[in-house]
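Novice: predicted model and sequence below, questions to follow.
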Amino acid sequence: MTSRTHSLTPCPNCGCGIQPNSMLCDYCLAILVPSESTTGGLVAEGIACRSCGEQNDLGTDRCAHCSASLSHTCPGCGKEDIHVSSKQCPQCHVPRSRFFERCIEVERSRTATLAAAKKRSRLALLVPLAFSLGFVLLGVHQYHSGFAPVGNAFFILALLFIGLWIWASRS
């Protein structure tokens, strides 16, 4: 497990994993505030409506402002509109008691995917650099062979690829 996975804590409203210092649960849209107890932690103060964003009281089924259903999102399959009183996801059947475990699994997978993408992007940065070196070598060969205009063209291509490499490494 990564340290980021260890940092998840259960939402006091739905039990899904939330990041530290988060003031809103991504799954149930609970509005979270620091607890006044000596143990610390967070407590749910209300529920934000997915449709209009208005804050609603805990335990209500519909938004007081727009009458939309207040629902959760399953951390297992991503299904939205799970009724707040449902004991499990109607689509993938993950019980609410396993929502936090499922959030940790999702977070692990997301972290591994990001690490792999970062590794691929570093390897991709080597391609323009390799082309640049090749064009420089071709340019030197053409220049010394008496084909100065062709050699200069290869040098220009090398500069373009070096510029591409610098641009890509900044993003």
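Specialist: Sure thing, it's come through.
Novice: state the next helix or strand along the chain beyond the helix or strand encompassing Leu126.
Specialist: Leu126 is part of helix 99-144 when elements are defined by DSSP states H and E. Going down the chain from helix 99-144, the next helix or strand is helix 148-170, by DSSP H and E.
Novice: pull the distance from that next one to the chain's centre.
Specialist: 34 Å (CA atoms, centre = their mean, to the nearest Å).
Novice: what pairs with the lengthiest strand in the chain, parallel or antiparallel?
Specialist: Across the chain, the longest stretch assigned as strand under DSSP state E is strand 42-48. According to DSSP bridges, strand 42-48 has the following sheet partners: strand 30-34 (antiparallel), strand 55-56 (antiparallel).
Novice: what's Ser86 sitting at in phi/psi?
Specialist: Dihedral angles of Ser86 (phi, psi; degrees, to the nearest 10) stand at phi -60, psi 140.
Novice: cool, the one 4 residues further on as well?
Specialist: Main-chain torsions, Pro90, degrees, to the nearest 10: phi -70, psi -20.
Novice: return the residues in contact with it.
Specialist: Lys79, Ile82 (CB atoms under 8 Å, 6 or more residues apart in numbering). No exception for glycine: its C-beta is placed from N, CA and C like everyone else's.
Novice: can you do 7 Å?
Specialist: Contact partners of Pro90, counting by CB atoms under 7 Å, 6 or more residues apart in numbering, are Ile82.
Novice: quick check: pLDDT value at it.
Specialist: Here the pLDDT value assigned to Pro90 is 88.
Novice: can you check Asn56 too?
Specialist: Per the predicted model, pLDDT is 92 at Asn56.
Novice: can you name the residues bridging to it?
Specialist: Ile47.
Novice: does it really touch Ala64, like I thought?
Specialist: Yes: here Asn56 reaches Ala64: they are 5.6 Å apart, a contact under CB atoms under 7 Å.
Novice: between those two, point out the one with more neighbours.
Specialist: Asn56 (20 against 13; other CB atoms under 10 Å).
Novice: state the distance from the more buried one to Asn21.
Specialist: The gap separating Asn56 from Asn21 is 23 Å, by CB to CB, to the nearest Å.
Novice: thank you, goodbye.
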